[in-house]
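Asker: Build me a model:
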Amino acid sequence: MAIADKLPQSSALNNFIADKDFVDCYSAQIQHTEQSIDDLARGAQLKMPKWAIPLLLLRNIIVKPLGLKTTFEGQQSRTGTIKPGEYVNFFHVAERHDNEVIMGGDDKHLDYRVSVFRDNKVPETLYVATWVHRNNWLGHAYLFFVLPFHKAIVRNMTKNIAKQKPPQPNG
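Answerer: Numbers count the residues shown, from 1 in each chain. Sure thing, here's the model as predicted:
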């Protein structure tokens, strides 16, 4: 189970947060604690709830005429250590720390980051947090409409990542 939580102060995502920015955080107990932060971060896309995929496709259809990003291309991080500049599916990796991967991007309506964080003091707990800075009225409107879906998706995704098994070596 994932619960709404407070992002620990040791998270690098806190460096982004300014007054009036949106921030939420969910946490869950990691079942397979031997996983690296890279394995957990890759789970952010792989463990998205299946019911959310049609919503993301609908989102792309609606926002494309507004000039918002709907495609993400770049070097995918599939194994090993995630590097800034790579992508974890549609998430652009902004920062990678020993216990945190911060992904996201900037658009004309809003800037966002998603943190997959494991506190060194409590390594069996996974935190998934979202930061959003709205740049204009469209960013405010966009967040207003997606927020109920966002919360359900991220809570479910956090629970699924925390339950995932470590990747198995090939062969």
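
Asker: lowest-pLDDT helix or strand in the protein?
Answerer: helix 52-63 (a mean of 72; mean pLDDT, DSSP states H and E).

Asker: next helix or strand past that helix?
Answerer: On the C-terminal side of helix 52-63, the closest following helix or strand by DSSP states H and E is strand 87-88.

Asker: same for that next one, what does it pack against?
Answerer: Contact partners of strand 87-88 among helices and strands, from 3 or more CB pairs under 8 Å, 6 or more residues apart in numbering; DSSP states H and E: helix 37-46. Bear in mind the C-beta positions are built from the backbone N, C-alpha and C, glycine included.

Asker: hmm, back to that, starting at the chain centroid, how far to the least confident helix or strand of the chain?
Answerer: On the basis of CA atoms, centre = their mean, to the nearest Å, helix 52-63 sits 17 Å off its chain's mean C-alpha point.

Asker: Equivalent analysis for stretch 109-123, please.
Answerer: Distance, centroid of stretch 109-123 to centroid of chain: 7 Å (CA atoms, centre = their mean).

Asker: Using PDB, write down the CA coordinates of it.
Answerer: Provided in PDB are the C-alpha atoms of stretch 109-123 (Å, rounded to 0.1, in the frame of the first residue of the first chain):
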ATOM      1  CA  HIS A 109       2.900  25.700 -19.500                       C
ATOM      2  CA  LEU A 110       4.700  24.100 -16.600                       C
ATOM      3  CA  ASP A 111       8.000  22.600 -15.400                       C
ATOM      4  CA  TYR A 112       7.800  19.300 -13.600                       C
ATOM      5  CA  ARG A 113      10.100  16.700 -11.900                       C
ATOM      6  CA  VAL A 114       9.400  13.300 -10.600                       C
ATOM      7  CA  SER A 115      11.700  12.000  -7.800                       C
ATOM      8  CA  VAL A 116      12.200   8.300  -7.000                       C
ATOM      9  CA  PHE A 117      13.900   8.500  -3.700                       C
ATOM     10  CA  ARG A 118      15.100   6.100  -1.100                       C
ATOM     11  CA  ASP A 119      16.200   7.700   2.200                       C
ATOM     12  CA  ASN A 120      19.500   6.400   3.500                       C
ATOM     13  CA  LYS A 121      18.200   6.500   7.000                       C
ATOM     14  CA  VAL A 122      15.100   4.300   6.100                       C
ATOM     15  CA  PRO A 123      16.300   2.400   3.000                       C
END
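
Asker: Quick check: closest non-adjacent residue to residue 95.
Answerer: Closest residue in space to residue 95, ignoring its immediate chain neighbours: residue 102 at 4.3 Å, by CB to CB, 6 or more residues apart in numbering.
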